[in-house]
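In: Got a predicted model here, sequence first, then my questions.
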Amino acid sequence: METRDPFRIRDTSAQDHAIKPVASTRRNRKPWLIGGIAGAAVLALAVWVISGWMSGGRSFDASKVRVAEVTRGDLVRDISADGRVIAANSPTLYAIAGGTVALKVVAGDVVKKGQALAEIDSPELRSKLAQEGSTLASMEAEASRALLDAQITRSTAAKLLDQAQIERTAAQRDLERYERAYQGGAVSQNEYAKAQDELKKADIGLAAARKDSGLQGEGAGLDSRNKRLLADRQRAVVTELQRQVDALTVRAPFDGQIGQVQIPQGTNVATNAPILSVVDLSLFEVEIKVPESFARDLAIGMPAQITSNGIQYAAQVSAVSPEVVNGEVNARLRFAEGKQPPGLRQNQRLSARIVLDTRRNVLMVERGSFLEQDGGRFAYVVDGSRAVRRPIQTGVSSLGAVEIVSGLQPGEKIVVSGSDQFGDAERVTIH
């Protein structure tokens, strides 16, 4: 009998069973089938990757871009905007001098030209007018006195000139008499020579009298003119003060309506303080805001249309602001004479349209942000799911469309908005 070792590990020979062999063709085909399927999948993936790379380096969501078709038609360059009605003439009236204001109207009152709207009580200004008026009266008296003195001086000079003329005439006669007597031997040579000297003396006196008359008359005229100029200057001062005193009564500059009253009744105001405003109801304008890109095309006198209650009224551009604020420029439209809508009010909203020009039968596409990118020199042309960057040339533009000069054909589609996310990629995929 065989003795068993308790520490020996038994083998598994007792558990082995014979198994029938399986056909070799079926066992060897299965690994090749699995490998073929995996290879086909890898190949398809590679084709998809290469196709995506060929069609576009990057992929973008179609919902984030806007595509428009290039068409041919008439491009109307116009500006449409909502404007507000403003008074073309709405001055604010100010206090000409400090004082207490007595209002005679309230906001909304209809007034006529020249109607008293308020009165300012200014004792200081009225007192100054009285003082300057008294000074003017004194200067007027001095000027009149100077004129009288000049007349007296001229009269005295003329009298002296006449006396010198008479003395010269008398000396001439005496000389002629002495000359005849000397020739007849009735007088001596000394007496004859003395008569000649008297004539010469009379000539000298006459010449001096003539010169004195001219000088005295000129001097008297200068003094009189100076006094007159001083009086005229003082009169101008008084006239200005009188104008200011008259302006203490604030009057309506035209037929209209009281706009805003700036102060309460009985307020003591300072010089140049605002009192109230007057609105000219016969002349309104419409103020609109125009994008900066269109402002250069606007010109004063350009025709426009303003719509009120469904009715179009002819108008024209009356002013264009030279200042750009937040990318916009203010412009004013004035109604054609006699074409203003009835019942307009300040700050009323109206629709306005300005036609700049019309381009007939041109290529155009919807305006979008692509126009601001690279100066509108490139566009992404869409072909199926691909978009290819292409150089183009744009022309004039309106609020809704832009002219295509070259680079595109009718029927082609381009990305008009959202292409900023493409960067400078030459090809992209839109899905």
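Out: All right, it came through fine.

In: Low-confidence bits of the stretch 151-300 of the chain, can you list those?
Out: Per-residue confidence of the stretch 151-300 of the chain (counting by pLDDT under 70) places no residue in a weak region.

In: Tell me where it has strands.
Out: If you assign secondary structure with DSSP state E, counting those that start in this stretch, the strands in the stretch 151-300 of the chain sit at 249-251, 256-261, 268-269, 274-279, 284-291.

In: how about those, which one is nearest R390?
Out: Taking CB to CB as the criterion, strand 284-291 is the member of these that comes nearest to R390, at 27.1 Å. The way it works is simple: take the backbone N, C-alpha and C, and place the C-beta from them, glycine included.

In: what comes up buried for that closest one?
Out: When neighbours are counted by 16 or more other CB atoms under 10 Å, the buried residues of strand 284-291 are found to be 284-290.

In: and of these, the nearest to D74?
Out: Set against D74, the nearest of these by CB to CB is V290 (22.2 Å).

In: could I get the buried residues of strand 284-291 as a markdown table with distance to A87?
Out: Compiled in a markdown table, the buried residues of strand 284-291 are given as follows (distance: CB to CB, whole Å):
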| residue | distance to A87 |
| --- | --- |
| F284 | 6 |
| E285 | 8 |
| V286 | 11 |
| E287 | 11 |
| I288 | 16 |
| K289 | 18 |
| V290 | 21 |
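
In: Among the residues you listed, list the two that are farthest apart in space.
Out: Longest distance between any two of the buried residues of strand 284-291 is 19.1 Å, between F284 and V290; criterion CB to CB.

In: Mean confidence (pLDDT) on the helix or strand harbouring V67, please.
Out: Element membership of V67 [criterion: DSSP states H and E] is strand 66-69. Confidence over strand 66-69, taken as the mean pLDDT, stands at 92.

In: ok, then the element right after it?
Out: Using DSSP H and E, the helix or strand that follows strand 66-69 in sequence is strand 71-87.

In: one step back: run the chain-centre distance for the strand holding V67.
Out: If you compare the mean C-alpha spot of strand 66-69 with that of the full chain, they lie 38 Å apart, counting by CA atoms, centre = their mean, to the nearest Å.

In: And that strand, what's buried?
Out: 66-68.

In: Ok, stretch 323-333 next?
Out: Of the residues in stretch 323-333, 328-333 count as buried by neighbour count, 16+ other CB under 10 Å.

In: That one spans what distance, first to last residue?
Out: In stretch 323-333, first residue to last residue: 17 Å (CA to CA, to the nearest Å).

In: what's the answer for stretch 249-261, then?
Out: Stretch 249-261 has an end-to-end distance of 16 Å (criterion: CA to CA).

In: again with stretch 294-305
Out: Taking CA to CA, stretch 294-305 runs 17 Å from one end to the other.

In: Please enumerate residues in contact with that stretch?
Out: Around stretch 294-305, the neighbours that count as contacts under CB atoms under 8 Å, 6 or more residues apart in numbering are 77, 79, 290, 312-320, 324, 329, 331, 333, 352-356, 399.

In: Repeat that for stretch 173-193.
Out: So stretch 173-193 is contacted by 194-196, 198-199 (CB under 8 Å, 6+ apart).

In: Pick out whichever of those residues sits closest to S417.
Out: Closest to S417 out of the contacts of stretch 173-193 is L199 (116.6 Å), distances taken as CB to CB.

In: For S80, give the beta-bridge partners.
Out: Assessed by DSSP bridges, S80 has beta-bridge partners R353.

In: Okay, the one residue sitting closest to the centre of the chain and G83: tell me how far apart.
Out: Among the residues of the chain, S321 comes closest to the average C-alpha position under CA atoms, centre = their mean, at 3.3 Å. The gap separating S321 from G83 is 13 Å, by CB to CB, to the nearest Å.
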